[in-house]
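J.: model the following, please.
(one chain, ligands or ions: 1)
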Amino acid sequence: MAQAQLHIDLTALQANWRALDALSSAQVQTAATVKANGYGLGAGHVAHALARAGARRFFVAVAEEGVAVRAAIGPELPIHVYGGHMNGDARLISEARLSPMLNSAEQLTRHFEALPGHPFGIQLDTGMNRLGMEPAEWQAVAEIALSQRPDLIMSHLACADDPGHPMNARQLAVFRALTEGCGVARSLSATGGVLLGPEYHFDMTRPGIGLYGGAPFSRARPVVRLAIPVIQIRDVAAGETVGYSNTFTAPRDMRLATIAAGYADGIHRALSGKATLWAGDTACPLVGRVSMDLLTIDVTDAPGDPDTLDLLGPEQGVDDLADVIGTIGYEVLTGLGQRYARRYHGAA
Ligand SMILES: *Cc1c(COP(=O)(O)O)cnc(C)c1O
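T.: Numbers count the residues shown, from 1 in each chain. Model prediction:
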C-alpha cells in the first residue's frame, strides 16, 4: 500500500482540551473550535472525542461545516457559526440546529425574518476589523438584539499570540465597554487568549489550535503523526542528479528513498530541498524538488532500509515543519491532504 497514513491521537486531543480547560476557572466554560474540518483532522471524529472529554459547545466557520459536527455530537449541544447567517443558510441553520454569530445589522434582520425564535449569537468587532458589528452599529441595534435573547456575545483578539502586545488590552477594554451588564454569556478568547489570563476568559473560551497540538499552546501534546511509505530505494553515485530540473546533485555516494506523498497532499513545493523526514530518531533530508505525488529522501544514515518515513511526529511537530518555510502550524494542519488515510487512535 502506497497511501500515507495520518495517525490522529484522540487521547492527546482530549488531554489538550482538559489542559486548556484547567487554565480557566471552573465557572468558565471551555468550548471547542472545530472549523475547517476539525483543523484538517476530521470534524466528526474530533467533535465526538471532544464532547466525550467534556466540551459542551462547538464553533465552525460556515453553516455547511455544522452538519458533520451535529451528526457527531447528537442533537443537544450548541454549535455556533462564526460566519453568521448568510443568504440561503436558513434551512441548514434550522435543520442542523445551528446558532449563527450574527455579524451585522443586515444578518440580524435576515435571521429574525427567516427564523424568528431560533437561537443566535452576536459577534462584535473590537478592533480586528474582520468580522462583527462595529461599536456604533452595535449601539444602534443592541436593544432590539438583546430583546431577542442571544445565547452568546463574542469578539476575537487580533494579537493574542503575543502576550505583550498592547492590542490585547485595548480590545479587552472595548469588549468590556460594549458588553458590560448585557446579561448574555460572553466570549473573547481563542487559544492565545486562554493563555493571557483570567480577565480574558469571561464566561466561555473557544480554543482551536491548542487542541490540535499547535502554538501558542506550548504545553500541547502532539496529536498527529504522518507516516509516508517508501516505494523504492536506490543507490546513486556522487555527481548524479535527482528529480525535476536536476536541482540536486549528489555530493557523495548516497542511498535515496522515494516516498509516496507530494504537493498534491499539501506538502508545499516551497519545502523543496529544505524539509527533513525522520526514520525513528534519524533525520533524513529531503533532496531535490517536491513533486506532485513523490518525495526523494536521503536515507544514507538511516539504520537499515525504512518502510516509512515520518514528516510529522515526535521529532517534528506541525510548528517545526511550518517554521521551515515561514508559515504557521494552522496552515500545516489544515493543508493535510485528503489522500492520506486518517487513522484514529484512542477514545471510542
Ligand atoms: C479560528 C477561530 C478561533 C480559534 O482560534 P485558535 O487560535 O485556533 O484557538 C476562535 N475564534 C474565532 C473567531 C476564530 O476565527
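J.: for Trp278, give the beta-bridge partners.
T.: Beta-bridge partners for Trp278, by DSSP bridges, are Ala283, Asp310.
J.: now the closest residue to Arg221 other than its chain neighbours: how far from the ligand?
T.: Using CB to CB, 6 or more residues apart in numbering and skipping the chain neighbours, the partner closest in space to Arg221 is Ala12 (4.0 Å). Placement of C-beta: from N, CA and C, glycine included. Counting by CB to the nearest ligand atom, to the nearest Å, the gap from Ala12 to the ligand is 16 Å.
J.: and Ala12, how many neighbours?
T.: By other CB atoms under 10 Å, the residues close to Ala12 number 21.
J.: for it, helix, strand, or coil?
T.: Three-state assignment for Ala12 (DSSP: H, G, I helix; E, B strand; the rest coil): helix.
J.: ok, it - contacts?
T.: 213, 221-223, 346 (CB atoms under 8 Å, 6 or more residues apart in numbering).
J.: ok, Leu294 next?
T.: Contacts of Leu294 (CB under 8 Å, 6+ apart): 231, 258-262.
J.: how close does Arg57 sit to Pro100?
T.: Between Arg57 and Pro100 the distance is 14 Å, computed by CB to CB, to the nearest Å.
J.: higher neighbour count, these two?
T.: Using other CB under 10 Å, the more surrounded residue of Arg57 and Pro100 is Pro100, with 30 against 21.
J.: let me know the pLDDT of the more buried one.
T.: We have a pLDDT of 98 for Pro100.
J.: tell me what the helix or strand containing it is packed against?
T.: Using DSSP states H and E, Pro100 maps to strand 99-102. Applying 3 or more CB pairs under 8 Å, 6 or more residues apart in numbering; DSSP states H and E, one finds that strand 99-102 contacts strand 79-81, helix 105-114, strand 121-123.
J.: count the residues that sit near the residue of the stretch 151-300 of the chain found nearest the ligand.
T.: Proximity of the stretch 151-300 of the chain to the ligand (CB to the nearest ligand atom) peaks at Gly208, 2.7 Å away. Residues near Gly208, counting by other CB under 10 Å, number 20.
J.: residues touching it, list them.
T.: Per CB under 8 Å, 6+ apart, neighbours of Gly208: 32-35, 39, 59, 190-191.
J.: take those and keep only those in strands.
T.: 32-33, 59 (DSSP state E).
J.: would you map the helices across the stretch 1-150 of the chain?
T.: 10-21, 35-39, 43-53, 63-73, 90-95, 105-114, 135-147 (DSSP state H, counting those that start in this stretch).
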